[in-house]
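[1] Structure for this input, please:
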Amino acid sequence: MIDVNVAFNQDAKQLSDYEEFGEIFRANLAVDGNFDDKWSGKSCAHTKQNKNPWLSVDMLAPKHVKKVIPTNRADY
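    Residues are numbered from 1 along each chain as shown. So this is what the prediction gives:
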């Protein structure tokens, strides 16, 4: 079986968008194909400080998903 990123460039939403120095870290950054795990790589989705933050991805149709690999920032 070949690993395929079925979330790539799909519609993503999160509870809130964090903004710093004029940059807005929206949910689409989580599915843009950029796997840089450093804040400076501008590929990290980020919410404001919320009690129960969430992120969702619309897969458009049911998919068989074998694994999900969430990645936290490496520079935090």
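
[2] okay, CA-based contacts and neighbour counts for the rest of this
    Fine.

[3] what about residue 6, helix or strand, and which?
    Assessed by DSSP states H and E, residue 6 sits outside every helix and strand.

[4] and it, what does it touch?
    residue 59 (Cα atoms under 8 Å, 6 or more residues apart in numbering).

[5] Distance check, it against residue 53.
    22 Å (Cα to Cα, to the nearest Å).

[6] ok, now residue 44?
    15 Å.

[7] More neighbours: which of the two?
    residue 44 (24 against 12; other Cα atoms under 10 Å).

[8] got any ranges where the chain has weak pLDDT?
    1-2 (pLDDT under 70).

[9] quick one: the strands in it?
    With DSSP state E as the criterion, the chain has strands at 11-14, 18-20, 23-25, 55-58.

[10] Most tightly packed of those strands?
    strand 11-14 (a mean of 17; mean count of other Cα atoms under 10 Å).

[11] list the helices and strands that one packs on?
    Packed against strand 11-14 by the contact rule (3 or more Cα pairs under 8 Å, 6 or more residues apart in numbering; DSSP states H and E) you find strand 55-58.
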